[in-house]
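Undergrad: 3D model of this:
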Amino acid sequence: MTAVVSLRNVAKSYLRGKQQVEVLHGVDLEIASGEFLALMGPSGSGKTTMLNLIAGLDQPTSGEVSVAGERIDGLSRAALAAWRARHIGFVFQFYNLLPVLTAEANVEVPLLLTNLSRGERRKRVETALQLVGLADRAKHKPNELSGGQQQRVAIARALVADPTLLVCDEPTGDLDRRSAEEIMNLLQALNRRQGKTIVMVTHDPKAAEYASRELHLDKGQLVDEAERRAA
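TA: From the prediction side, this is the model:
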């Protein structure tokens, strides 16, 4: 299978005061097209840092990051922003919906940066809301929806531009168990039926079970789950 994501000897460090803190060191990773990867690990292990590198929200200190066939580790901020708009759909823990907008208007937001006609935008929004099972809530605002429904709207917004990669940061972290299961079933269906490639950071082992592959980060290095359990 073609690798959608490729990390080669990636390191990332930050300055904390006068001290340089290395968060990731020597990371190699390939994620195949159509894969659903769960990234787990203790707090501070580098999960979100790795997700941000894959999503083009941050750049490595050294090493190569290629996503969707393009090297992104050396792109300018403007080029990265344009690249993200084409290739990345984001799903966050706290939904990040605009409270004054309806569900359909929230889903349409990423399309406002495109050259699509109003009619084409409407079609895409309708399709995305149907995919997440919320076509009947299109006119509702976030405060009229449950937490699980708000996350479904957020997933529809992430899908509406048909991105190469869905990037999910603790997508069930703010949900009760039943809503969390509904969201994970939805993500799994998008992966299996729609062929969406998904990279998810989660601290929840039950959420990770829905993925096709599970990797753990420990002290800035990747540990294969099978190896971790055998250790």
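
Undergrad: what's the neighbour count on Leu101?
TA: Counted with other CB atoms under 10 Å, the neighbours of Leu101 add up to 15. Every C-beta, even on glycine, is put in place using the N, C-alpha and C of the backbone.

Undergrad: oh, I was asking about His203
TA: The local packing of His203 (other CB under 10 Å) involves 14 other residues.

Undergrad: and the gap between it and Asp174?
TA: His203 is 12 Å from Asp174, where distance means CB to CB, to the nearest Å.

Undergrad: for Thr102, same thing?
TA: Taking CB to CB, one finds Thr102 at 21 Å from Asp174.

Undergrad: and Leu62, what are its bridge partners?
TA: You called it Leu, but residue 62 is Ser. With DSSP bridges applied, Ser62 shows beta-bridge pairing to Ala11.

Undergrad: residues contacting it?
TA: By CB atoms under 8 Å, 6 or more residues apart in numbering, the contact list for Ser62 reads Asn9, Val10, Ala11.

Undergrad: for it, give me the pLDDT.
TA: Listed pLDDT for Ser62 reads 92.

Undergrad: do the one 4 residues further on as well
TA: We have a pLDDT of 94 for Ser66.

Undergrad: make sure I have this right: it is in a strand.
TA: Yes: assessed by DSSP: H, G, I helix; E, B strand; the rest coil, Ser66 belongs to a strand.

Undergrad: go ahead and confirm it touches Trp83.
TA: No: in this structure, Ser66 is not within contact of Trp83 by CB atoms under 8 Å, at 11.6 Å.

Undergrad: need the residues touching each of the two.
TA: Joint contacts of Ser66 and Trp83 (CB under 8 Å, 6+ apart) are Ile72.

Undergrad: list the buried ones in the longest helix seen in the chain?
TA: For the chain, the helix reaching the highest residue count under DSSP state H is reported as helix 177-194. Buried residues in helix 177-194, counted by 16 or more other CB atoms under 10 Å: Ser179, Ala180, Glu181, Glu182, Ile183, Met184, Leu186, Leu187, Gln188, Leu190, Asn191.

Undergrad: and what of stretch 140-154?
TA: So for stretch 140-154, counting by 16+ other CB under 10 Å, buried means His140, Lys141, Pro142, Leu145, Gly147, Gly148, Gln149, Gln150, Gln151, Arg152, Val153, Ala154.

Undergrad: partners of the residue lying closest to Ser6 once chain neighbours are set aside in the sheet?
TA: Setting aside the residues directly before and after it, Ser6 is nearest to Ser66 in space (CB to CB, 6 or more residues apart in numbering), at 4.4 Å. Residues in a beta bridge with Ser66, per DSSP bridges, are Ser6, Arg71.
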